[in-house]
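Q: build me a model from this:
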Amino acid sequence: MTTLWILVLALVAVLALPFVLEWRKKDPDPEEAPGEFVELSQGKTHYRWLGPVRGPVIVAIHGLTTPSVIWESVAASFGKLGYRTLVYDLYGRGFSDAPRGAQNAAFFHRQLDELLAKLGLSDELTVMGYSMGGSIATSWAALNPERVRQVVLLASTGVETVEGPESQWIRRVPLLGGWLHRVMSGRQARATFDDGGSEVANLAEVQAAQYQRKGFVDAVLSSRRGILSKKMEEAHRKLFQTEIPVFAVWGKQDAMIPISALGKLAQWNRDAHQAVIDEADHGLPYTHGRQAVSELRDLMIKVRPD
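A: Numbering: from 1, shown residues only. Alright, predicted model coming up:
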């Protein structure tokens with residue numbers, strides 16, 4: 001009987017450990033934030049303006065795990081073209097709060113709607129999304145076509161995504177899937193992040209810090225279940241119908257978003273303007289940000305020669 005109890009207690013300890021480690025994490029220190037904060041209905045959101053003081057506005061939405069710092073190279077390049085870029089941290093990432101709730105499209109739309117309202121941004125917006133941010137940008141633009149000048153997508157989800165069996169299992173199985181997600185996140189937290197060739201300074205340190213902040217692991221899992229599993233076909237077809245220009249750049253070496261996404265997007269929106277960077281993988285905005293903006297500039301000139 002004693003041996004059985006020892007085994008039971010050992011099992012309970014193993015199962016509880018990831019949750020205990022999460023409980024011990026701390027909220028990000030707002031004093032370390034490089035930007036400003038705005039109080040929204042679901043919590044504080046951290047944001048920054050990058051680029052010139054005046055100019056057409058780009059609203060940049062980052063991806064699943066890397067916060068808004070991911071946009072620094074892209075925003076700097078767009079700044080040289082006269083754009084000013086609003087970047088912000090999605091809930092549970094960067095310095096923004098981590099409210100509870102299903103992180104589906106409506107959840108992210110609410111944050112974006114409230115942020116734009118607080119900052120007085122109403123129309124003629126370029127909405128740009130990277131990875132998961134592409135799904136958010138696409139679905140939001142389809143709901144608000146009268147406010148959108150154009151949509152820019154970098155290695156966007158919502159079209160074609162490669163997902164391994166382990167990832168599918170984590171996403172689909174409620175309790176054990178969540179436990180395994182925490183275990184895997186613990187391994188990633190101890191990993192050394194490689195930002196070799198990065199155009200964004202200190203990106204590896206920023207990414208590693210995400211795994212040490214409270215709420216991040218839960219936010220990632222909730223997003224994987226709430227929005228990353230959704231195809232954005234209906235939204236892309238709506239953008240085609242409303243004649244909103246869509247510009248997409250893909251990385252040919254991307255193991256997460258296969259290059260077949262280009263063909264799929266062309267089926268949903270035959271007016272989409274697309275480019276491929278042969279050497280880029282899923283880190284496209286920070287490894288090939290300047291080249292991506294150069295490609296986008298050429299595509300935009302063809303659509304709007306003036």
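Q: ok now do H282, which residues does it touch?
A: 131, 155, 251, 254-257 (CB atoms under 8 Å, 6 or more residues apart in numbering). For every residue, glycine as well, the C-beta is placed using N, CA and C.
Q: surely it forms part of a helix?
A: No: assessed by DSSP: H, G, I helix; E, B strand; the rest coil, H282 does not belong to a helix; its assignment is coil.
Q: pull out the buried residues from the contacts of H282.
A: 131, 155, 251, 254, 256-257 (16 or more other CB atoms under 10 Å).
Q: closest one of the residues you listed to Q188?
A: M256 (14.8 Å; CB to CB).
Q: list just the nearest of the contacts of H282 to R225.
A: S131 (16.1 Å).
Q: still on that earlier bit, okay, the buried ones among the contacts of H282 in CSV with pLDDT, distance to P145 and secondary structure next?
A: Shown next, in CSV, are these (pLDDT from 0 to 100; distance: CB to CB, whole Å; DSSP: H, G, I helix; E, B strand; the rest coil):
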residue, pLDDT, distance to P145, secondary structure
S131, 97, 23, coil
A155, 98, 23, coil
G251, 97, 28, strand
D254, 96, 28, coil
M256, 95, 28, coil
I257, 97, 25, coil
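Q: how about those residues, which pair is most distant?
A: Most distant of the buried ones among the contacts of H282, by CB to CB, are S131 and G251, 10.8 Å apart.
Q: now the common contact residues for the two.
A: With CB under 8 Å, 6+ apart, S131 and G251 have common neighbours 155, 257, 282.
Q: ok, of those residues, which one's closest to Q207?
A: For the shared contacts of S131 and G251, the nearest to Q207 is H282 (13.1 Å; CB to CB).
Q: pLDDT below threshold where in the stretch 51-200 of the chain?
A: Within the stretch 51-200 of the chain, the stretches with pLDDT under 70 are 187, 189-196.
Q: all strands for it, in order.
A: 57-61, 84-88, 125-130, 148-154 (DSSP state E, counting those that start in this stretch).
Q: tabulate these in JSON lines, adding columns for mean neighbour count and distance to R182.
A: Shown next, in JSON lines, are the strands of the stretch 51-200 of the chain (neighbours: other CB atoms under 10 Å; distance: least, CB to CB, whole Å):
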{"stretch": "strand 57-61", "mean neighbour count": "24", "distance to R182": "26"}
{"stretch": "strand 84-88", "mean neighbour count": "24", "distance to R182": "26"}
{"stretch": "strand 125-130", "mean neighbour count": "26", "distance to R182": "25"}
{"stretch": "strand 148-154", "mean neighbour count": "26", "distance to R182": "29"}
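Q: save those strands as TSV, and put in distance to K230 too.
A: Below are the strands of the stretch 51-200 of the chain laid out as TSV (distance: least, CB to CB, whole Å):
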stretch	distance to K230
strand 57-61	15
strand 84-88	22
strand 125-130	14
strand 148-154	15
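Q: quick one, which of those gets closest to P30.
A: Short answer: strand 84-88, nearest of the strands of the stretch 51-200 of the chain by CB to CB, at 14.3 Å.
Q: please tell me I have it right and K302 contacts A275.
A: No: here K302 does not reach A275: they are 10.9 Å apart, not a contact under CB atoms under 8 Å.
Q: these two: who's more crowded?
A: Counted by other CB atoms under 10 Å, K302 and A275 do not tie: A275 has more neighbours, with 16 against 8.
Q: please identify the buried residues of stretch 64-81?
A: Neighbour-count burial for stretch 64-81 [16+ other CB under 10 Å]: 64-79, 81.
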